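[1] Please work out how this folds:
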Amino acid sequence: MKPLDPVSHDLSGRRSAPEAIPWFARWKYSPVYGYFIAAGFLIFAIRTPEESVGSLVIEDAIYLSLPLGLLIFWTTYRHRLFLYRTKPKRYQVWFQSLFVWLFAVLAAFPYQLAWNATSLDAPVVDLHGIVLSKPVSYGRSTSYKVVIDEQTFHRRLTFRVSKSDYQQIGIGDEYSERMIVGRLGIPYRWRWQRL
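    Alright, predicted model coming up:
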């Protein structure tokens, strides 16, 4: 990382006064890191059918892309003279902002799940139905799932289950899980919550 110059230059090459350290750099970018760390915690803590997550990601891409993009790129432009001194090439600052914007949009849905879970008088429902399939996802870790023809919302829902439960559940069996219908109409349950 380049040392901060005592004097900066604007885009026309004229000398200008050095810019004060922006708020996000003053705190060592901890607000940015905190946004993603909190999102990761919420993904782990709130259990919900996978179809709910997919619909929220699509909604975020539609409704949050523009406001988040304006916020991130305006912040980059506002503090561009400072940021240009932190990268060898100026275009790297804008590529970095682009990646932050994309990840911010993708990481927004856990906050919607958290808002969904703030209702105090939400009804508890039993989601139940016949098991249609048992897919397995491989990656850094193996995810075991069951897909059911759910009878409360009358649609197919996918739940992640433990390996032991996966081995005991057969196609055609009845599977049920108790959840809360939250503020946004999304069924959920905190992982440590007993219903």
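[2] nearest residue to residue 108 other than its sequence neighbours?
    Leaving aside its sequence neighbours, residue 108 sits nearest to residue 60 (C-beta to C-beta, 6 or more residues apart in numbering; 4.4 Å). Where you see a C-beta, it was placed from the backbone N, CA and C, and this is true even at glycine.
[3] do the same with residue 31
    Using C-beta to C-beta, 6+ apart, the nearest residue to residue 31 is residue 24, at 5.7 Å.
[4] quick one: contacts of the helix or strand harbouring that neighbour?
    Per DSSP states H and E, residue 24 falls inside helix 23-26. With contact meaning C-beta atoms under 8 Å, 6 or more residues apart in numbering, helix 23-26 is reached by 31, 32, 75, 79, 82, 86.
[5] when you check these against the strands, which ones overlap?
    For these, not one is inside strands, with DSSP state E as the criterion.
[6] burial count for residue 127?
    19 (other C-beta atoms under 10 Å).
[7] Helices of this structure, start to end?
    For the chain, the helices defined by DSSP state H occupy 23-26, 30-45, 50-63, 65-78, 80-84, 90-106, 109-116, 163-168.
[8] Reformat those helices as JSON lines; add mean pLDDT, mean neighbour count and distance to residue 129.
    Output for the helices of the chain, formatted as JSON lines (pLDDT from 0 to 100; neighbours: other C-beta atoms under 10 Å; distance: least, C-beta to C-beta, whole Å):
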{"stretch": "helix 23-26", "mean pLDDT": "71", "mean neighbour count": "12", "distance to residue 129": "47"}
{"stretch": "helix 30-45", "mean pLDDT": "88", "mean neighbour count": "14", "distance to residue 129": "25"}
{"stretch": "helix 50-63", "mean pLDDT": "79", "mean neighbour count": "15", "distance to residue 129": "13"}
{"stretch": "helix 65-78", "mean pLDDT": "91", "mean neighbour count": "14", "distance to residue 129": "34"}
{"stretch": "helix 80-84", "mean pLDDT": "87", "mean neighbour count": "18", "distance to residue 129": "52"}
{"stretch": "helix 90-106", "mean pLDDT": "90", "mean neighbour count": "15", "distance to residue 129": "30"}
{"stretch": "helix 109-116", "mean pLDDT": "89", "mean neighbour count": "19", "distance to residue 129": "22"}
{"stretch": "helix 163-168", "mean pLDDT": "90", "mean neighbour count": "12", "distance to residue 129": "16"}
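[9] Please identify which of those is closest to residue 155.
    Closest approach to residue 155 among the helices of the chain (C-beta to C-beta): helix 50-63, 7.5 Å.
[10] Quickly list what residue 125 is bridged to.
    residue 179 (DSSP bridges).
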